[in-house]
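**Student:** one predicted model, sequence on top.
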Amino acid sequence: MTVRTALLKSRTGQVAAVLLVLIACTAAFFSIKSLFGSPAVNAERDRIFICSQTGKSFTHELQIGETIPVYSPYSGANTGYPAELCYWTADGQPKDDPTPVLLNQWIHKPGPTFCPDCGRLVVPNNPSPLPGMKPPPTKAEWQASHPNQ
């Protein structure tokens, strides 16, 4: 009888073998999860929402089958809508800490949405600033270029 066979027939050897298999399976699970777990999916699931009644923002993890508006901890009702993030200052400079903005279209309010912080146009899938990018128009600039609206 070899040492390996004797070790696997002993109680200590069997416990050690089971523990090694469990550790290997756990390591394999987390390795596969990190390979196939998409940061984009996680970011899409855990989003910033804004309460339509209070204007306060909050994070919420979307669940399968959940509908919008979601439950808002500020109003105690389903008044939470996805927030668009505005990365601009009033003087047209980019900023690092974005302002969550509730788009008018979510609450069926006519007209474009302007950031309450900087007064600049905010659109669906609002882009973050890139180097050399011109800032979005202010409400006055937008109205000047859209006189009939």
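**Tutor:** Arrived safely, thanks for sending.
**Student:** ranges for the strands of the protein?
**Tutor:** 46-51, 57-61, 70-71, 78-82, 84-88, 94-101, 113-114, 121-122 (DSSP state E).
**Student:** output the lowest mean pLDDT helix or strand found in the protein.
**Tutor:** helix 39-45 (a mean of 59; mean pLDDT, DSSP states H and E).
**Student:** got the contact list for the nearest residue to Y81 once chain neighbours are set aside?
**Tutor:** Using CB to CB, 6 or more residues apart in numbering and skipping residues adjacent in sequence, the residue nearest Y81 is W106, 4.2 Å away. Where C-beta positions appear, they are placed from N, C-alpha and C, glycine not excepted. W106 makes contact with 52, 68-69, 81-82 under the criterion CB atoms under 8 Å, 6 or more residues apart in numbering.
**Student:** quick one, which of the residues you listed are buried?
**Tutor:** Neighbour counting with 16 or more other CB atoms under 10 Å marks 52, 69, 81-82 as buried within these.
**Student:** now, which of those sits nearest Q14?
**Tutor:** P82 (53.6 Å; CB to CB).
**Student:** the closest one against C51, yeah?
**Tutor:** No: using CB atoms under 8 Å, P82 is not in contact with C51; the gap is 11.8 Å.
**Student:** which residue ranges make up the domains of this protein?
**Tutor:** 3-37, 41-145 (automatic domain parsing).
**Student:** tell me, which of those domains is the model least confident about?
**Tutor:** Among those, domain 3-37 has the lowest mean pLDDT, at a mean of 71.
**Student:** circling back: widest-spaced pair of the buried ones among the contacts of W106?
**Tutor:** S52 and P82, at 11.3 Å, using CB to CB across the buried ones among the contacts of W106.
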